[in-house]
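> This is the structure alone, sequence omitted:
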């Protein structure tokens with residue numbers, strides 16, 4: 001039986017959170033697809049833990065919108081409708097443009113250097129055609145922008161949405177285009193040009209929206 005290495009040595013984080021991290025990443029990466037059943041006993045065996053932290057982890061993921069309880073079927077990975085995705089992009093558009101504006105004004109030189117390192121890692125992943133690594137870098141890029149905006153209220157508003165937004169970010173069949181937009185956005189933030197950074201951020205979210213909706217819901221649009 002295949003088991004996964006869950007870091008049981010972390011005394012500072014409850015086991016349920018560590019299990020939730022593993023399952024969340026499986027969902028975001030596409031290893032667990034929308035509609036997939038999540039059986040406590042099976043997951044506990046795979047992860048080498050008891051069913052209690054798995055049950056608690058699934059409850060955490062329910063609160064984040066990643067999984068749903070379906071009558072006579074049990075817990076499944078949430079299937080986002082087109083309407084759900086559009087609403088998430090609407091919220092992302094408003095909050096990410098704000099995050100970029102604040103980050104441009106408030107980021108330290110050290111923070112900008114760290115953001116540049118993320119961009120360098122993304123470029124390496126793109127050249128290597130490492131889809132998984134590129135997805136993680138793209139996710140880290142957006143997370144770092146939120147962090148360097150230095151606005152706790154904004155971060156707290158994004159926190160319950162981040163997982164689903166990360167999943168949407170991975171729905172991408174045009175990685176070169178999105179990477180180019182990230183590079184342009186990074187340069188605008190690093191230069192301190194808030195107006196240009198806001199404009200690029202808005203355009204980037206709308207590019208992501210188009211790519212994601214075309215990729216996931218093209219059949220619905222054709223009806």
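It's in. As the structure is a computational prediction, the values presented were derived from the model and not from experiment.
> and residue 163, what pLDDT?
Turning to residue 163, the model gives it a pLDDT of 80.
> same question but for residue 159, I mixed them up
Residue 159 carries a pLDDT score of 83 in this model.
> State the distance from it to residue 214.
Look at residue 159 and residue 214: by CB to CB, to the nearest Å, they are 28 Å apart. Bear in mind the C-beta positions are built from the backbone N, C-alpha and C, glycine included.
> Same question for residue 118.
26 Å.
> who's more crowded, these two?
residue 118 (21 against 13; other CB atoms under 10 Å).
> so the more buried one makes contact with residue 136?
No - using CB atoms under 8 Å, residue 118 makes no contact with residue 136, being 9.6 Å away.
> next SSE after the helix or strand of the chain with the lowest mean pLDDT?
Among the helices and strands of the chain, helix 152-169 carries the lowest confidence by mean pLDDT, DSSP states H and E, at a mean of 87. As assigned by DSSP states H and E, the chain's next helix or strand after helix 152-169 is helix 175-191.
> What helices and strands are in contact with the helix ranked longest in the chain?
Ranked by residue count, the top helix of the chain under DSSP state H comes out as helix 194-222. Counting contacts by 3 or more CB pairs under 8 Å, 6 or more residues apart in numbering; DSSP states H and E, helix 194-222 packs against helix 82-106, helix 152-169, helix 175-191.
> Residue 124: which of those helices is closest?
helix 175-191 (11.1 Å; CB to CB).
> And residue 93, how far from residue 18?
Following CB to CB, the distance that separates residue 93 from residue 18 is 33 Å.
> Revised request: answer the last question for residue 31.
17 Å.
> Low-confidence regions, this protein specifically.
For the chain, residues meeting the criterion pLDDT under 70 lie at 1-11, 220-223.
> mind listing what the residue at minimal distance from the centre of it touches?
Nearest to the mean C-alpha position of the chain, by CA atoms, centre = their mean, lies residue 166 at 1.4 Å. Residues in contact with residue 166, defined by CB atoms under 8 Å, 6 or more residues apart in numbering, are 28, 139.
> Correct me if wrong: residue 37 contacts residue 75.
Yes - applying CB under 8 Å, one finds residue 37 in contact with residue 75, separated by 7.2 Å.
> which of these two has more neighbours?
More crowded of residue 37 and residue 75, by other CB under 10 Å: residue 75, with 21 against 12.
> Please look at the more buried one and residue 59 and confirm they touch.
No - between residue 75 and residue 59 there is no contact under CB under 8 Å: 9.4 Å.
> how does this structure divide up, domain by domain?
Following automatic domain parsing, one gets these domains for the chain: 15-77, 82-222.
> Distance to residue 124 for the helices and strands packed on helix 194-222 - can I get that in TSV?
Output for the helices and strands packed on helix 194-222, formatted as TSV (distance: least, CB to CB, whole Å):
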stretch	distance to residue 124
helix 82-106	23
helix 152-169	18
helix 175-191	11
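> for the ones you listed, which one sits closest to residue 218?
Among the helices and strands packed on helix 194-222, helix 82-106 sits nearest to residue 218 (CB to CB), with 10.1 Å.
> by how many degrees do that closest one and helix 152-169 diverge?
Relative orientation of helix 82-106 versus helix 152-169 (axes from the mean of the first three to the mean of the last three CA atoms, to 10 degrees): 130 degrees.
> Show me how far helix 82-106 is from its chain's centre.
What separates the centre of helix 82-106 from the centre of its chain is 13 Å, taken as CA atoms, centre = their mean, to the nearest Å.
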